[in-house]
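Trainee: Everything below, folded, please.
(one chain, ligands or ions: 2)
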Amino acid sequence: MLCYIHIPFCDSKCHYCSFNSYINMHDRIEAYMISLHKNLLNEIEKNHIKYGAIETLFIGGGTPSVVAPHLFVPIFETLSPYLAKNAEITSEANPNSASKEWLSSLYALGVNRISFGVQSFNNKKLKRLNRAHSANEAIKAIESAAKIGYTNLSLDIIYDLEGDTKESLQKDLEQAFALPINHLSCYELTIEKATQFYKEPSVKQNREELGYFLRDFIVSSGFEQYEVSNYGKIKSRHNLGYWQYKEYLGIGAGAVGFINKSRYYPHSNLEHYIQNPTYQRREQLSQEEILTEKIFLGLRSIVGINKSILPKAMQERADLLCKEKKLKLINNRYYNQEFFLSDALALFIMGY
Ligand SMILES: C[S@@+](CC[C@H](N)C(=O)[O-])C[C@H]1O[C@@H](n2cnc3c(N)ncnc32)[C@H](O)[C@@H]1O
Ligand code: SF4
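Mentor: Residues are numbered from 1 along each chain as shown. Ligands and ions are numbered 1, 2, ... in the order given. Coordinates of the predicted model:
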């Protein structure tokens, strides 16, 4: 069992981002955290969560580092007995708000992994993305986190923005690897609806070779690619859990839960959520939808697909891909040999 907690507040809106987050609503943070706590208590009770059952906790956003540490205390007090002894506890953080005090308070609460939204170490690119921090602030924040005692540190990079070249991206990676990180997420820019970049889609270059270049450089630096966009010396157990199709609690406005073959959606609207934090829309997944998701998730990551869940015709097409060396069958599981082709391979297996 995994647990995801969503913090829907940000200091500014990045031009590419369509995540559920609010700017200029910081005066609602306290009320939100009270509702979040109610939501959590309700989920634990309703789902009969057992002590020690939560293997990983991920606090994402939005920007968790805009929330004052003391407001997380009730959440951690409640969660503590339900967390496994060696639970991976991650929080996302933005370099401008992840102060030393914030990082050390979260560390004291039990957080043992930080995922920093860095995006680039080039100040011009940061500005173009409308990030609220400089390259230097990102470097300082990551160094502070390591000094405090965090040994699991990750950062996010975005690529394929106008102006990105192999040389500029290599510089970003060299700077990243000079820092005490053991994990890296490298996302190809996607143009999302209702973002600034949606109005100027030509900011995306569509240069596929940049992804391959980054991948090869990262892997040659000793980080294993374990999913399309994720690389690590230590893999994120929370990420892996999603791709392994584990169940998860989804707490917060805009979070999603997955339990008993159903998805649960609390309100994504901030005020509706604050007023009614236990409301959830439920969506029952069909057998067909579950199979499709297992195929896509298995191929985009090192998780792979159990051969026995595939109907005969799909097995035959997967065997064809094995002959072409695109998949490998090991102990009755199909493993993808090229994550960047995962969607095309999944569609082929399903007969599209
Ligand atoms: C949920 S965001 C939150 C992280 C944190 N708020 C931050 O930005 O520092 C997680 C990551 O998703 C990536 N991301 C968000 N929107 C994206 C987009 N349209 N294209 C590519 N990557 C995106 C960014 O790298 C971002 O750091
Ligand atoms: S990328 Fe992060 S900081 Fe930027 S708007 Fe999205 S959630 Fe907020």
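
Trainee: okay, now Ile142: neighbour count?
Mentor: 25 (other Cβ atoms under 10 Å). Bear in mind the C-beta positions are built from the backbone N, C-alpha and C, glycine included.

Trainee: Report the secondary structure element holding the closest residue to ligand 2 within the stretch 251-352 of the chain.
Mentor: Of all residues in the stretch 251-352 of the chain, Gly254 sits closest to ligand 2, at 10.6 Å by Cβ to the nearest ligand atom. Gly254 is located outside every helix and strand, with elements delineated by DSSP states H and E.

Trainee: residue contacts, Ile114?
Mentor: 90-93, 98, 103, 106, 145, 150, 152-154 (Cβ atoms under 8 Å, 6 or more residues apart in numbering).

Trainee: As a markdown table, the residues you listed with pLDDT would be great.
Mentor: Converted to a markdown table, these look like this (pLDDT from 0 to 100):
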| residue | pLDDT |
| --- | --- |
| Thr90 | 99 |
| Ser91 | 98 |
| Glu92 | 98 |
| Ala93 | 98 |
| Ala98 | 98 |
| Leu103 | 98 |
| Leu106 | 98 |
| Ala145 | 98 |
| Tyr150 | 98 |
| Asn152 | 98 |
| Leu153 | 98 |
| Ser154 | 98 |
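
Trainee: Just the ones of those in strands?
Mentor: Secondary structure from DSSP state E places 90-93, 152-154 of those in strands.

Trainee: Can you tell me which of those residues are buried?
Mentor: For these, a burial check counting by 16 or more other Cβ atoms under 10 Å picks out 90-93, 152-154.

Trainee: hmm, stretch 199-217 touching ligand 1?
Mentor: No: residues of stretch 199-217 are not located near ligand 1 by Cβ under 6 Å from any ligand atom, the shortest gap being 8.9 Å.

Trainee: Tally up the residues packed near the nearest residue to Arg207 once chain neighbours are set aside, please.
Mentor: In space, and not counting its chain neighbours, Arg207 is closest to Asp160: 6.2 Å by Cβ to Cβ, 6 or more residues apart in numbering. Using other Cβ under 10 Å, Asp160 has 19 neighbouring residues.

Trainee: What residue in the stretch 101-250 of the chain comes nearest to ligand 1?
Mentor: Counting by Cβ to the nearest ligand atom, the stretch 101-250 of the chain gets nearest ligand 1 through Gly117, at 1.6 Å.

Trainee: For Asp11, see how far away that residue is.
Mentor: 11 Å (Cβ to Cβ, to the nearest Å).

Trainee: Touching both of these two, which residues are there?
Mentor: Common neighbours of Gly117 and Asp11, counting by Cβ under 8 Å, 6+ apart, are 63, 94.

Trainee: which residues touch Gln284?
Mentor: Contacts of Gln284 by Cβ under 8 Å, 6+ apart are 261-262.

Trainee: Could you pull out the helices in the stretch 51-200 of the chain for me?
Mentor: 73-79, 100-109, 123-128, 135-148, 166-177 (DSSP state H, counting those that start in this stretch).
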